[in-house]
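Q: need the 3D shape of this:
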Amino acid sequence: MSEEYIFGWHAVEAVLKREPERIQQVWIQTGREDRRVKTVTDAFNELGVRWKVVHRKELDQRVAGVHQGIVAAVSESREWSEDDLLAMLSGSDKPPFLLILDGVTDPHNLGACLRTADAVGVQAVVVPKDKSASLSPTVRKVACGAAETVPLVRVTNLARFMRTIRDEGVWLIGTAGEASSTLYQADFTGPVALVMGAEGKGMRRLTREHCDLLINIPMLGHVDSLNVSVATGACLYEALRQRLA
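A: So this is what the prediction gives:
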């Protein structure tokens, strides 16, 4: 099985907690001797995971990004398929709560969306196989562990997937600046999927046509749009407010 690198304390700790068998080797920056390091290295020792202390330069050479002094080589995680997600939803006693991202190619935005999705209880994030950021080390770092808890499902045909879940009773709510309904008029209490488009272009035409409802986020200032991860957060927390009520 091929390997990949993850970095950042939250990302490494998330794998250690949920899938420790994936960890193959770890490098920790010299100079850290706090309780967090001891807790993690004790766990590595119990599991028989190889780890060593190295200078920052070696970590910088292994990954591009703010590694926070820890890098791990892990076996690739299993990629969820559309069938995996449908099986999970059919076996759950909770109404589906999904996030669909159409054309989000920036890894920082994808990571931030995963982090918020985890916080509000989204069961899975769905993206198209093309025109979407991959689950890279940067995405995992920004997600702060959420990439290990929220399935990222890559589907070949996003419009077909949307038809499938709509036939299963999932209400598809998409965001569009020109929509006549606002975020606060939408009903997020039942089986629902929030559909977000890419910055600038928004959703693709077919994606938009498969939505049951289009909503906008009220904008009272001078700017006319929000970063996609910020907009996703606003919508997901309104959905959570309704679902808790």
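
Q: what's in contact with stretch 30-43?
A: 9, 12-13, 16, 20, 28, 49, 51, 53-56, 69-70 (CB atoms under 8 Å, 6 or more residues apart in numbering). The C-beta positions use only the backbone N, C-alpha and C, and glycine is treated the same way.

Q: take those and keep only those in helices.
A: When the contacts of stretch 30-43 are checked against helices (DSSP state H), the matches are 9, 12-13, 16, 56.

Q: need the max-distance pair from those residues.
A: When the ones in helices among the contacts of stretch 30-43 are compared pair by pair using CB to CB, the two farthest from each other are 16 and 56, 21.6 Å apart.

Q: compare the two (neighbour count), which wins?
A: Neighbours per residue (other CB atoms under 10 Å) separate residue 16 from residue 56, with residue 16 holding more: 22 against 12.

Q: residue closest to the middle of this protein?
A: residue 114 (2.2 Å; CA atoms, centre = their mean).

Q: look at that one and tell me its secondary structure.
A: Three-state assignment for residue 114 (DSSP: H, G, I helix; E, B strand; the rest coil): helix.

Q: could you measure it against residue 87, distance?
A: From residue 114 across to residue 87, the span is 21 Å (CB to CB, to the nearest Å).

Q: tell me where the model's unsure across the chain.
A: Within the chain, the segments meeting pLDDT under 70 span 1-2.

Q: quick check: longest helix of the protein.
A: Criterion DSSP H: the longest helix present in the chain is helix 228-244.

Q: which of the residues in it are buried?
A: In terms of neighbour count (16 or more other CB atoms under 10 Å), helix 228-244 has its buried residues at 228-229, 231-236, 238-240, 243.

Q: dump those into JSON lines; add distance to residue 160 as well.
A: Supplementary listing: those in JSON lines, determined by distance: CB to CB, whole Å:
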{"residue": "228", "distance to residue 160": "23"}
{"residue": "229", "distance to residue 160": "26"}
{"residue": "231", "distance to residue 160": "25"}
{"residue": "232", "distance to residue 160": "23"}
{"residue": "233", "distance to residue 160": "28"}
{"residue": "234", "distance to residue 160": "28"}
{"residue": "235", "distance to residue 160": "24"}
{"residue": "236", "distance to residue 160": "24"}
{"residue": "238", "distance to residue 160": "28"}
{"residue": "239", "distance to residue 160": "24"}
{"residue": "240", "distance to residue 160": "28"}
{"residue": "243", "distance to residue 160": "27"}
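
Q: re earlier: in CSV, list the contacts of stretch 30-43 along with distance to residue 167.
A: Below are the contacts of stretch 30-43 laid out as CSV (distance: CB to CB, whole Å):
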residue, distance to residue 167
9, 42
12, 40
13, 39
16, 40
20, 39
28, 50
49, 45
51, 49
53, 55
54, 53
55, 56
56, 53
69, 49
70, 45
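
Q: please pick the buried ones from these.
A: 9, 12-13, 16, 28, 49, 51, 54, 69-70.

Q: can you name the helix or strand that the residue of the chain positioned farthest from its centre falls in?
A: Most distant from the centre of the chain: residue 31, at 31.9 Å, with distances by CA atoms, centre = their mean. Using DSSP states H and E, residue 31 is not contained in any helix or strand.

Q: can you give me the distance of it to residue 71?
A: Counting by CB to CB, the gap from residue 31 to residue 71 is 15 Å.

Q: circling back to that earlier point, the residue nearest to the centre of the chain reaches residue 152, doesn't it?
A: Yes. Look at residue 114 against residue 152 with CB atoms under 8 Å: they come within range, at 7.0 Å.
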